[in-house]
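Engineer: with the input below, show me the fold.
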Amino acid sequence: MDCIKCNTKSCRITEQCHAQKFDTEELMLTYHLPENMKIIQAAAKLVDNGRAGTLSRLQEVIEFSKSMKFQRIGIAYCYGMEIEAALITTIFRESGFKVFPVSCTTGGFKQSEVNISSKIEKVSCNPLAQAGQLNKENVDFTITVGLCMGHDILFNKHINSYTSTLIVKDRVHDHNPIDALKN
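Structural biologist: Predicted coordinates for the structure are as follows:
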């Protein structure tokens, strides 16, 4: 399947194409599971009825969290974005959530301990500890803020809560990766 090269775009008028390989009946049953339906309906509140484009991503995350009745919010952040993480933490606390911000350096491991091919003795990012700590805190929802490429993958693989990214790290483009497409 290569949707970019498709000439008909039949899926945009609610018709199935002949390239898809998923089972539509099985997929629909999965959508209709109560835990998935709750997310679909909360997301729809943010985009349906002309609301798309009226809220910032931060506002969307707060509103989505309230709609889902999340109470315990984890923030997994890069220590280089601690100022931003502190502001996000304050905003979420002022919005009524219990917030658990966890830095990527939690545990204080050396890079040479985490990466057996490294000789660097400075502190390492520790996405597994971030996930482990937030799992122990039993958060309902986790927001990632500026995790490094690769570390975000490990974190997402090991976190037990629903997770979304608020800020993606892109040092070259001031954390706005879409700017790379403008060059």
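Engineer: how about residues contacting the lowest-mean-pLDDT helix or strand in the chain?
Structural biologist: Lowest mean confidence among the helices and strands of the chain (mean pLDDT, DSSP states H and E): helix 111-114, at a mean of 87. Residues external to helix 111-114 that are found in contact with it (C-beta atoms under 8 Å, 6 or more residues apart in numbering): 118-126. Any C-beta I mention is one placed from the backbone N, CA and C, and that applies to glycine too.
Engineer: check which helix or strand Ser65 maps to.
Structural biologist: helix 57-67 (DSSP states H and E).
Engineer: picking up where we left off before, closest to Thr144 among the contacts of helix 111-114?
Structural biologist: Set against Thr144, the nearest of those by C-beta to C-beta is Cys125 (12.3 Å).
Engineer: spatially nearest residue to the closest one (excluding sequence neighbours)?
Structural biologist: If the residues on either side of it in the chain are set aside, Cys125 comes closest to Cys104, at 4.2 Å by C-beta to C-beta, 6 or more residues apart in numbering.
Engineer: for the one you found, what are its contacts?
Structural biologist: Applying C-beta under 8 Å, 6+ apart to Cys104 gives the contacts 76-79, 125-127, 130, 147-148, 151.
Engineer: gap between it and Leu29?
Structural biologist: 38 Å (C-beta to C-beta, to the nearest Å).
Engineer: wait, Arg72 touches Leu134, no?
Structural biologist: No - using C-beta atoms under 8 Å, Arg72 is not in contact with Leu134; the gap is 9.2 Å.
Engineer: let's verify the nearest residue to Phe97 once chain neighbours are set aside: helix, strand, or coil?
Structural biologist: Once flanking residues are discounted, Phe97 sits nearest to Ile73: 4.6 Å by C-beta to C-beta, 6+ apart. Taken by DSSP: H, G, I helix; E, B strand; the rest coil, the conformation at Ile73 corresponds to strand.
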